[in-house]
Structures are given as C-alpha cells and as structure tokens.
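Asker: fold the following for me, if possible:
(chains A and B)
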There are 2 protein chains.
Amino acid sequence: MDLRRNENDGNSEPTQFPAQISHLALDIGGSLIKVVYFSTSRDNCIDCEGESSANDTLRLFSGNCKHPVLQGRLHFAKFETSKIKDCLEFISSKELHLGGFQHHENPSKDRKFIKATGGGAYKFAELFKENLGIDLDKEDEMDCLVAGANFLLKAVHREAYTFMDGQKEFVQIDQSDLYPYLLVNIGSGVSMIKVDGDGKFERVSGTNVGGGTFWGLGRLLTKCKSFDELLELSHQGNNRAIDMLVGEIYGGMDYSKIGLSSTTIASSFGKAVSDNKELEDYKPEDVARSLLRMISNNIGQISYLNALRFGLKRIFFGGFFIRGQPYTMDTISVAVHFWSKGEAKAMFLRHEGFLGALGAYVSYAKHSNDNVVCNQSTQLPVSASYAADPNYNPLSGDFNDNESIQCSVYAA
Amino acid sequence: MDLRRNENDGNSEPTQFPAQISHLALDIGGSLIKVVYFSTSRDNCIDCEGESSANDTLRLFSGNCKHPVLQGRLHFAKFETSKIKDCLEFISSKELHLGGFQHHENPSKDRKFIKATGGGAYKFAELFKENLGIDLDKEDEMDCLVAGANFLLKAVHREAYTFMDGQKEFVQIDQSDLYPYLLVNIGSGVSMIKVDGDGKFERVSGTNVGGGTFWGLGRLLTKCKSFDELLELSHQGNNRAIDMLVGEIYGGMDYSKIGLSSTTIASSFGKAVSDNKELEDYKPEDVARSLLRMISNNIGQISYLNALRFGLKRIFFGGFFIRGQPYTMDTISVAVHFWSKGEAKAMFLRHEGFLGALGAYVSYAKHSNDNVVCNQSTQLPVSASYAADPNYNPLSGDFNDNESIQCSVYAA
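Answerer: You can find the predicted model right below:
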C-alpha cells in the first residue's frame, strides 16, 4: 500500500515488461463494480469503447524516481453489480485478465490472480474463476479505500477541491500536513475512516443511509431506470414542494432563537404528511431533489460529528454517490459548514468513485518481489505533478461526470 | 418553569379556585397538536370522549407541600395539525378556553390568554382568536420541551425506562444526579438538547430526518392513511426484503475485521437498486419496516454522537414518533448501544409525546403572582410519588399507545 516502499528498497530491479500490459484491479461493491486497468503508452492504449469513454486525461510525472518506468494510461470503468456479466465480457474482450500475477507463496502456472476488493470479491469469486479462469486476490476494502485516497492526495495535483455556492476551488495539499483526515466513502452504504498515515487508519463510523438508499428509494418513488437518470431528474426539482420547512411550521417566521431560518428543512418529506396527495400527485423531480438533499445533508452531518470527535479539520468525500454533482456537493458542504460553524471543511476528489479500485491496483506493489509483470505499479510516482491535457481545462467541464475517466501515467 | 419557585416563595397565598378549572396548554407542531388540560377532581372530571379516552391513570401525591392544592386530573389529547378544526371544536365543546388567564402586564377583561408552544402557536394564533376569542401566549418550544421533561423526570415515579431486546425496565432517577442529560425530541423533525438544569439548556443539534419523514415517505410508499396505520403495518414487515445487508454484499460472510456482521444493514433500501421490481412488487409492510428502522437507527446514531461530544451518559427520547413502539425503541436502543459500545444508554418516557405541552402547561406558574385561576399548576408536586391505579399495572399494557392518557393530580 505504501507507494514509497520501493523507493527505499534497493532490491527492486527493473523488470522486463511485455509490449502491452493490461493490469486490472476491481472494486466490487453492492451496487457498482469499479474497474481500474493499466495499459502501456498512448500508442498501445487499449481502445476504450462502451462504458469506458474518455473525458479526462490525467498525466503523472515521476519526480526523482530512478527506476525505468512505463509510459501508459490508467483507465477507469464501471458497471452495475447486477449486470456483472457485462463486466466479465468487458474484461474478456479486452483480455485484461491475462495480466494476472502468480502468488509468490503459491506459484503455479495454472493460477493467475487479479487484485479485487469490496464485498463482491468474496461473493463473486467463483464467477470470475468459472468465466475468466482467474482467481481474485482479495484486498481489504478499507485498506484499499485508504490506499486509493492517499495515492490520489499525494500523487495527483489538483485532485482535491472544495465546493461552495457553486464555486469549485482546488486545494493544494501539503503532503507533510496531510494527516490526519476523515475519509468518507459514500457507496451503497457509507464508511467513515480516520486516516493517520499510509496504512494507518481506523473505520470510526458509517451509516446505512447512503447511495444505495438514494437510488433504491428513488427508484421506488420515481420509477427512474438508472442512478444517472435519478440524479439528472433531481436537478430539475424543488425540494420545497415536499419538505416541511421551519417557516411552514412557524407561519413564515424564522425560529431565530436557535438559529433556524424559515427556509431550513424541519422535516424531510414532512409536507407529504398533511397534503392530501398521493405519490402520483408529486412531481418526480421534486421527490428526487428532496431525497438527494435529505441523504446528502445527513451524511454531511454525521461526517462532521465524527470529524469533531477526533479534532479533524478536513473531511474528504469519495464514492460513486457524489459524481461531481454540484447540488450534492453543495448540500454536503453546507451541512459541514453549518454544523461545524465553519471550523471543518468538506473536500471532494476528482477520482472519487475509484478509491477502492485504485487501492486494489496499487496493492500490486506488495508483490513487487515476485518478479511479476505488475511491477509498473510500484513506479507510480508519489510526488508527481499534474499537467492537464492542452485541450482540457480541469476547472471547467464535467470531469467527474458519469463517464469513466482515462489517465495517463508518464514517468521520466 | 421552575415548579419549585412557589415552594420558596413566601408571598404565595392560597387562591380561591372556581368549582371547576379547566386550564389548557397547547403544543402545535408541524404534524400534531398536543393538548394538556386540567380539571378538578375525579368527580368533577370533564368527560373524556372522542380523542381523549383513558387508558392510563397517573396519580401524583404532593410530598411536603404546605399549600392547599386542588385534586384533579391532567388530561392529554392530540389532533393532526391538518385537522386543526377538530381541535378547535374539541376545546370549544369542553369550554377549555374559558379558563384563560389575564396578563399581569396588560390586564384586560377582554383578553384571555392560553399557553401555547410549537410553531403553530405563531402560525395559527389568528385562527384561535377568531374561533375561540382567545390569545395564544407563546412559550418557546425548547423551553417547554425541557420544562416538560424535567417535570416528568422529577415529579413522576416510573416515568423513564430502558428498552432492550423487548424488555422494558423502569429507571429510578436520582434527582440530585439528573443533570446533565441529552433530550432528544422526535417530532416532525428532531431536536437534540443538552439539559443542565431547570431552564438551563442548549439545543446542540437536530435532524430533519424525523417523524414527519417516516410518516411522509411512508404515506407516499404505502398509501397508508394514518401514522398509526403505518406503524401497525411496520410490525408485520421484514426489512430484509428491501435493505441491503452486509452479508449480501459479502456473499453471506461477515465483514468481521471492522465489526460488521452479515446481518448488519449496509444500505437501507439498497436491495431495491438491483431487484427488477417496482414499488407495487414490494409488500407495504416490508417498506414500512425498513423505513422505521432506517429513521430510528439514524436518530439513535446522531443522538449518540451528540451525547459523546458532551460526555452525556443518558439520552432521553421523547416526541410522538416513538409512541412506545417496541421496534422503534429497540432500534434506537441498539443504535445507541452499538455506537457507544455500551457506554451510553437510551431511555424513554411514558408521556413522551407531551413534553412540549406539559412544559407550556407548567409555564402558567410564571404568572402565579397574577392571582389568576391557574395557580393550581404551581402546586404540582415536584417530589411526588407514583401510585398506580389498583386496576392498572404499569408494566403491562400499551400505556403509551395511540390513545391519549389521563392523569390524576392529587395533593395532600
């Protein structure tokens, strides 16, 4: 997990790489499968079709790395866990599974391992064996989330940003002052992890009201067919149509004595209590908006309370729930700001959805002495600088949108 | 608010009481109107029909009180805020509004005041004036919640109890060791108040995911026509039909490394993500159960985190959301126990739904020098002992159920 391990390891020798390397790491969650894979150089790049289309390019330059490294690209893709067959076909069609490694402890030409994390690494292990002939080498989910977040925060310039009142602001992370921080990963459920260093962390809390709740409840309430459709719908809605506001209880007045303005939500979905309306009488977009606000606000509040416990000023939010959605981030930011009275700060990550998969990917580094073809992962520079594609301005555009992201890993 | 004020006040003189006194206090919330009123003696008792049927008798005996006091009964009733006309008719038919008091500062025979709290005391002030000719004397909502809770915890034996694994256990509250505690009032929204003494408190937190959310979302999802129907429905359901459990992500396994068993809910409503089912394909009772669990658990968790902030070991839960429902209380208790590793304790109150209304009622004591007919409220004994009706066993029966509660106030 510690990317710097090989910088201090004089035994690491350059490895002969095959012409094309296609290492693969998986994070198989309750709702989504996140895929990270590497291919050598732009020229040799595996063609990204279907789920994996490019709308971002991330280039990493190694700093003082003395090892010869590969120039290539990290690709990201995602699939719904319920459509795992699509994922298997994707891997098969791109022959990503052929780059598996052999375990040092149990070398066997017949057994190739792929790094995987998330509950599905256990649940679907047999399915991968049967369909692709590969074993999943299971990495702990929390280990991977933390390793992925640490990698991004250290190696990728302009990875973290704040979001308030529609304004995105990149945050310069001083690596010597990175720890401790609270990592909040919003998947189907939510994990809250206090991170104290590389591999040093504790899962301190979590909540079962997460992305799965948004999408599950939203599906039942709106008949949307996809998470993205539900999110899109929520953009057009107004939560006031269905939330009970303080002003509605107080006859239009604030409850200023305790700092609640008339527009504060007193009770999510509370207006449905007294309206003589059925579900069909509400606009689906209003329902979606209210739901998104309820869950984002709740996560923001519980996160802040946990940050407070441990005196953590920085909270990084990751996971596929966020997807760079302005309203989601704004709600979370406002919740953290409101409850902490401005003391704590919500921050977001450009590659938010792939923390676990990235963590599984960089865990190949643990096997660097196995002399297997995954050694390039050990070369991922930890003090890399970021250079945007000349044609791409990271401050604009939906770089965190629904599409997967392409990354290029260059090293001097 | 301080019920003991008159015990230390040598100027308080016995007052001539009319034959029948029917003081009234209201807590007008976003979803429910809670009504507390007093009538003299069992013989003179205002006949309780309709909403106000007796299923509990609470007798208070004054300890060393030297003032002549009235023997009578405290009655409790509730109405949906959306059906406020029913409430007005109820008050009118029982002539409860005739016992209003005149303000010392602004005495006028034409203006009678009734104590009221909650947002509706502002919102519906004109309606009460127009329909009943009374002014609402507004008391702060948090003041009233705290005053009501302190009154119950001090004056009523067997008021507080714990609930775990279906077992109810009354808690003996040592009055000298009552403070500080966390009061969590679950109405439409939720208020969390750190209570340090009589009138000494701070609203430290809250959440907009409360009773209004349960009832509002539940109404949309199940088509239930009342809160009680929804609660009843939830008894019959199984949340596992729709919640995503840890074991379902982990292929039946625990995620024991971080202390999550396979039956822990990873994501409320998360199973609806992958099932190819519409809302109609789920049993309404399962949906209701999942919703109740989600909200109860969330409130338990946020409460615990706030108790932790201030080192509070006792959390009292009040508000009409709970209604003595075993599953609700069990979920809240388990959440507090789980997150606090057994350090903090969830406690419930028998008269949970009437904290605000009781607080408004006892606030009449502030006007005891006005020589108005409400003086009996100052005689409510603070060190009363509790004697159950011979025919009533407080350990069995649904004393906190949907019906309102009758209380008798006797004083030596």
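
Asker: all contacts plus neighbour counts: C-alpha atoms, from now on.
Answerer: Will do.

Asker: residues from the stretch 1-150 of chain A in reach of chain B?
Answerer: For the stretch 1-150 of chain A, the residues in contact with chain B (Cα under 8 Å from any Cα of the partner chain) are A:G29, A:G30, A:S31, A:T81, A:S82, A:G118, A:G119, A:G120, A:A121, A:Y122, A:K123, A:F124.

Asker: in a markdown table: those residues, plus secondary structure and pLDDT.
Answerer: Formatted as a markdown table, those follow (DSSP: H, G, I helix; E, B strand; the rest coil; pLDDT from 0 to 100):
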| residue | secondary structure | pLDDT |
| --- | --- | --- |
| A:G29 | coil | 91 |
| A:G30 | coil | 86 |
| A:S31 | coil | 84 |
| A:T81 | helix | 91 |
| A:S82 | helix | 88 |
| A:G118 | coil | 93 |
| A:G119 | coil | 91 |
| A:G120 | helix | 94 |
| A:A121 | helix | 94 |
| A:Y122 | helix | 93 |
| A:K123 | helix | 93 |
| A:F124 | coil | 95 |
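
Asker: okay if I get those as CSV plus neighbour count?
Answerer: Formatted as CSV, the residues of the stretch 1-150 of chain A next to chain B follow (neighbours: other Cα atoms under 10 Å in any protein chain shown):
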residue, neighbour count
A:G29, 22
A:G30, 28
A:S31, 27
A:T81, 20
A:S82, 16
A:G118, 27
A:G119, 25
A:G120, 23
A:A121, 28
A:Y122, 19
A:K123, 17
A:F124, 16
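
Asker: what is the burial count for A:I91?
Answerer: Residues near A:I91, counting by other Cα atoms under 10 Å in any protein chain shown, number 17.

Asker: for the one 4 residues further on, same thing?
Answerer: The local packing count at A:E95 equals 15, with neighbours defined by other Cα under 10 Å.

Asker: and for A:G218?
Answerer: 28.

Asker: same check on A:M244?
Answerer: 30.

Asker: shouldn't it be in contact with A:V273?
Answerer: No. A:M244 lies out of contact with A:V273 (Cα atoms under 8 Å); the separation is 9.1 Å.

Asker: how far is the strand or helix carrying A:L308 from where the chain is centred?
Answerer: Using DSSP states H and E, A:L308 sits within helix A:284-309. Relative to the centre of its chain, helix A:284-309 is centred 17 Å away, using Cα atoms, centre = their mean, to the nearest Å.

Asker: residues of that helix that come out buried?
Answerer: Judged by neighbour count using 16 or more other Cα atoms under 10 Å in any protein chain shown, the buried positions of helix A:284-309 are A:284-308.

Asker: out of the residues you listed, which touch chain B?
Answerer: Within these, those near chain B by Cα under 8 Å from any Cα are A:M294, A:N298, A:I302, A:L305, A:N306, A:L308.

Asker: what would these look like in JSON lines with pLDDT?
Answerer: JSON lines is the format used below for these (pLDDT from 0 to 100):
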{"residue": "A:M294", "pLDDT": "97"}
{"residue": "A:N298", "pLDDT": "96"}
{"residue": "A:I302", "pLDDT": "97"}
{"residue": "A:L305", "pLDDT": "96"}
{"residue": "A:N306", "pLDDT": "96"}
{"residue": "A:L308", "pLDDT": "93"}
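
Asker: okay if I get those as CSV plus distance to B:Q325?
Answerer: Formatted as CSV, those follow (distance: Cα to Cα, whole Å):
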residue, distance to B:Q325
A:M294, 25
A:N298, 24
A:I302, 25
A:L305, 28
A:N306, 29
A:L308, 32
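
Asker: mind telling me which residue of the stretch 251-400 of chain A is nearest chain B?
Answerer: A:G251 (3.9 Å; Cα to the nearest Cα).

Asker: residues contacting the residue lying closest to that residue once chain neighbours are set aside?
Answerer: Here the nearest residue to A:G251 in space, its sequence neighbours aside, is B:K123; by Cα to Cα, 6 or more residues apart in numbering or on different chains that works out to 3.9 Å. Shown in contact with B:K123 (Cα atoms under 8 Å, 6 or more residues apart in numbering or on different chains): A:I249, A:Y250, A:G251, A:G252.

Asker: B:K123 and B:L231, how far apart?
Answerer: Counting by Cα to Cα, to the nearest Å, the gap from B:K123 to B:L231 is 28 Å.

Asker: same check, this time on A:M142
Answerer: 37 Å.

Asker: equivalent analysis for A:L260, please.
Answerer: 30 Å.

Asker: higher neighbour count, those two?
Answerer: Each of A:L260 and B:L231 has its neighbours counted (other Cα under 10 Å); B:L231 has more, 24 against 16.

Asker: pretty sure the more buried one sits against B:A288.
Answerer: Yes. Using Cα under 8 Å, B:L231 is in contact with B:A288, at 7.4 Å.

Asker: would TSV of the contacts of B:K123 with pLDDT and neighbour count be doable?
Answerer: Shown next, in TSV, are the contacts of B:K123 (pLDDT from 0 to 100; neighbours: other Cα atoms under 10 Å in any protein chain shown):
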residue	pLDDT	neighbour count
A:I249	83	26
A:Y250	82	21
A:G251	79	16
A:G252	80	16
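
Asker: a markdown table for these, including secondary structure?
Answerer: Formatted as a markdown table, the contacts of B:K123 follow (DSSP: H, G, I helix; E, B strand; the rest coil):
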| residue | secondary structure |
| --- | --- |
| A:I249 | helix |
| A:Y250 | coil |
| A:G251 | coil |
| A:G252 | coil |
